[in-house]
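> Model the structure of this input:
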Amino acid sequence: MSHKHINISTLRLDVEGEFIAKLKLLTVYFESRMNGATAHQMQKSSAEGRRYKLNYGVSLGDMRVMAEEIKRDEKVVLGIMDYDNLWSSDIREAMLLALLMVPNEEVTVDRIERWVGEIHTNEMADMLPFLMGWRVGDGRAMVEQAVNRYEESGVLQRIAYTNLVGRLVSRGKVERGDEMVKRYMERLATESIEEANSIMFLRNMVEVE
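A predicted model of the protein is given here:
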């Protein structure tokens, strides 16, 4: 019996080409709601190294509407590989789209850890926990991973993890008195000015009466 030979490198190129074609279609959505003034201000006010490769300045409200439109668009059928690539694209609106549209069953501890590792803007350190992170299936496992990763992480990753733990507590995905939450609180860099807002948010969630 003969077996058809599959050229893995060609297959990878085909998959990548398919994603690029989808991204071009999505760019039409981004451009239709582009706010140039907002995009310029965001990029201007961001420190070097904390800017997006591309930023269309689309509001979060418009991004939510856009996500619903894309779900109904038969020309743009997104799979999990697409969400990972959208997140890695360093295009602000593509990253927001990934956060909004990735299915709940694909919001795993492993995926969140990988995506947090790629964060390089303050906005995404807030948006990942707010839009996607709290939907993780095993909240306690996520907090445990945050505990393990905190001290070795960069400042934006620590902000993301702190916001994430706060969101998980506020959504009831993990009890505020859970031992893992307590262990995370013990690791907080209380002298970090950059982390002050996320730390305050978490403390408010944990210490609420």
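
> mind listing the helices in this structure by residue range?
Counting by DSSP state H, the chain has helices at residues 8-32, 36-45, 60-72, 80-88, 92-101, 109-117, 122-127, 139-149, 155-170, 179-187, 196-207.

> Quick check, residue 166 in contact with residue 201.
Yes. Contact criterion C-beta atoms under 8 Å: residue 166 and residue 201 qualify, at 4.8 Å. (C-beta placed from N, C-alpha, C; glycine too.)

> These two: who's more crowded?
Each of residue 166 and residue 201 has its neighbours counted (other C-beta atoms under 10 Å); residue 166 has more, 26 against 20.

> mind listing what that one touches?
By C-beta atoms under 8 Å, 6 or more residues apart in numbering, the contact list for residue 166 reads 129, 198, 201, 202, 204, 205, 206.

> Spatially nearest residue to residue 102, not counting backbone neighbours?
Leaving aside its sequence neighbours, residue 102 sits nearest to residue 83 (C-beta to C-beta, 6 or more residues apart in numbering; 4.5 Å).

> now do residue 190
Nearest to residue 190 is residue 199, by C-beta to C-beta, 6+ apart, at 6.8 Å.

> so what pLDDT did that neighbour get?
At residue 199, the model reports a pLDDT of 94.

> Can you give me the neighbour number for it?
20.

> From residue 186, how far off is it?
Counting by C-beta to C-beta, to the nearest Å, the gap from residue 199 to residue 186 is 12 Å.

> now residue 149
Distance from residue 149 to residue 186, counting by C-beta to C-beta: 15 Å.

> So for these two, which residue has more residues nearby?
residue 149 (16 against 9).

> Adding distance to residue 53, write the helices of the chain out as CSV.
Output for the helices of the chain, formatted as CSV (distance: least, C-beta to C-beta, whole Å):
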stretch, distance to residue 53
helix 8-32, 12
helix 36-45, 10
helix 60-72, 18
helix 80-88, 11
helix 92-101, 9
helix 109-117, 16
helix 122-127, 13
helix 139-149, 25
helix 155-170, 16
helix 179-187, 32
helix 196-207, 25
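
> which of those helices has the lowest average pLDDT?
Among those, helix 8-32 carries the lowest mean pLDDT (a mean of 74).

> returning to that earlier point: hmm, the residue nearest to residue 102 is touching residue 95, no?
No. No contact is recorded between residue 83 and residue 95 when judged using C-beta under 8 Å, the distance being 10.1 Å.
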